[in-house]
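Engineer: Quick one, what's the 3D model for this:
(4 chains)
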Number of protein chains: 2
Amino acid sequence: MENSRGSEAAPDQSCRTDPSCYCQLGGVLELLSRKHAIQVICLVGEIGPVRYGEIETAFGEVSSSTLSTRLEELVEAGYLAREQYDEIPPRVEYDLTMTGEQLQQRLQPLLEWAVIHEEFEESAA
Amino acid sequence: MENSRGSEAAPDQSCRTDPSCYCQLGGVLELLSRKHAIQVICLVGEIGPVRYGEIETAFGEVSSSTLSTRLEELVEAGYLAREQYDEIPPRVEYDLTMTGEQLQQRLQPLLEWAVIHEEFEESAA
DNA sequence: GTTTATACTTCGAAGTCCGAAGTATTGGAG
DNA sequence: CTCCAATACTTCGGACTTCGAAGTATAAAC
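Structural biologist: Next comes the predicted model:
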């Protein structure tokens, strides 16, 4: 109890100013720190409504089980919308929700930087 | 194949315009999609040189094994610098490298949004 | 009747994470 | 002299996550 930053009972209101609060973040971050989650959000954001197969192809190397788990979670969390058409062969389309778009906007700069950064690293190697 | 840059059949030059390229991103993203990685970067960015114990405390609930693995990886990847002082009891400080700062700048908006978003979700529940 | 297309499941093996306990060091208390 | 505190980690068995090859369901096309 030496400083006013330390959180005891209610760190909620200091959250926006207390950086250590970031460490406590569950929800979105927990989801984003699972495999492919960030990339999926950005892919869907870029190429609009996408079919499952297109996502799988874009990744090249994904395990379909992991990918479908990830999609399910993102739908469940409200970042993706899943539209199913009753046709044969089946068709399913994924798109960002409004919340998903907000997320994607924050993710975009990161991925753009990552692309450049990766290119740089490779050329330096 | 008029693409002279690709080492294989890689779509390197279209990378910045081809969104599916995001899916192929390894490196940084693979690292960031491990537990606590994003939060660690931002914490260190916010509260400057930090000691191991401070990070651990800020998280509250982390397994020390996972945290130290993460720190090691981030140092190894060049986002964090680790300074060790030969004192008793031992003292180690972590800080962002220049690259780490670039990364943190891209991460910051995401975390800020996550905090707000989380608060909103909680109040809606 | 077999093939084709799609969006997933299933399941055992491999990899990652957890958390309680331990390691090494030495100045200070008893 | 012995014990404890302080710090930054390891260690290890068990739990959780991801992998990837194979399978499921459907009906139109060949």
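
Engineer: Is the helix or strand containing A:Glu30 positioned near DNA strand C?
Structural biologist: Here A:Glu30, judged by DSSP states H and E, is contained in helix A:27-32. No. Using CB under 7 Å from any atom of the strand, helix A:27-32 stays clear of DNA strand C, with a minimum separation of 9.5 Å. To be clear about C-beta, it is placed using only N, CA and C from the backbone, and glycine gets the same treatment.

Engineer: That helix near chain B anywhere?
Structural biologist: Yes. Using CB under 8 Å from any CB of the partner chain, we find that helix A:27-32 touches chain B at A:Gly27, A:Val28, A:Leu29, A:Leu32.

Engineer: who touches stretch A:43-52?
Structural biologist: A:54-55, A:58, A:68, A:71, A:80, A:83, A:91-96, A:100-101, A:104, A:107-108, B:19-20, B:22-23 (CB atoms under 8 Å, 6 or more residues apart in numbering or on different chains).

Engineer: hmm, back to that, okay if I get the residues of helix A:27-32 next to chain B as TSV plus neighbour count and distance to B:Ile116?
Structural biologist: Formatted as TSV, those follow (neighbours: other CB atoms under 10 Å in any protein chain shown; distance: CB to CB, whole Å):
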residue	neighbour count	distance to B:Ile116
A:Gly27	13	12
A:Val28	22	11
A:Leu29	20	13
A:Leu32	22	16
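
Engineer: How about the residues of chain A by DNA strand D?
Structural biologist: A:34-36, A:61-66, A:69, A:88-90.

Engineer: give me that answer again for 10 Å
Structural biologist: A:30-31, A:33-37, A:59, A:61-70, A:73, A:86-90 (CB under 10 Å from any atom of the strand).

Engineer: returning to that earlier point: which one of the residues of helix A:27-32 next to chain B sits closest to DNA strand D?
Structural biologist: A:Leu32 (10.5 Å; CB to the nearest atom of the strand).

Engineer: and the closest residue to the closest one other than its chain neighbours, how many neighbours?
Structural biologist: For A:Leu32, ignoring the flanking residues on the chain, the nearest one in space by CB to CB, 6 or more residues apart in numbering or on different chains is A:Ile38 at 5.6 Å. Residues lying near A:Ile38 (other CB atoms under 10 Å in any protein chain shown) number 25.

Engineer: where does A:Ile38 land on pLDDT?
Structural biologist: Looking at A:Ile38, its pLDDT stands at 96.

Engineer: gap between it and B:Arg82?
Structural biologist: According to CB to CB, to the nearest Å, A:Ile38 stands 26 Å off from B:Arg82.

Engineer: One more: A:Ser65?
Structural biologist: 37 Å.

Engineer: Likewise for A:Gly60?
Structural biologist: 35 Å.

Engineer: more neighbours, those two?
Structural biologist: The residue with more neighbours, out of A:Gly60 and B:Arg82, is B:Arg82; 14 against 9, by other CB under 10 Å.

Engineer: circling back to that earlier point, what residues are up against the residue nearest to A:Leu32?
Structural biologist: Residues in contact with A:Ile38 (CB under 8 Å, 6+ apart) are A:Leu32, A:Leu107, A:Leu110, A:Leu111, B:Leu29, B:Leu32, B:Ser33.
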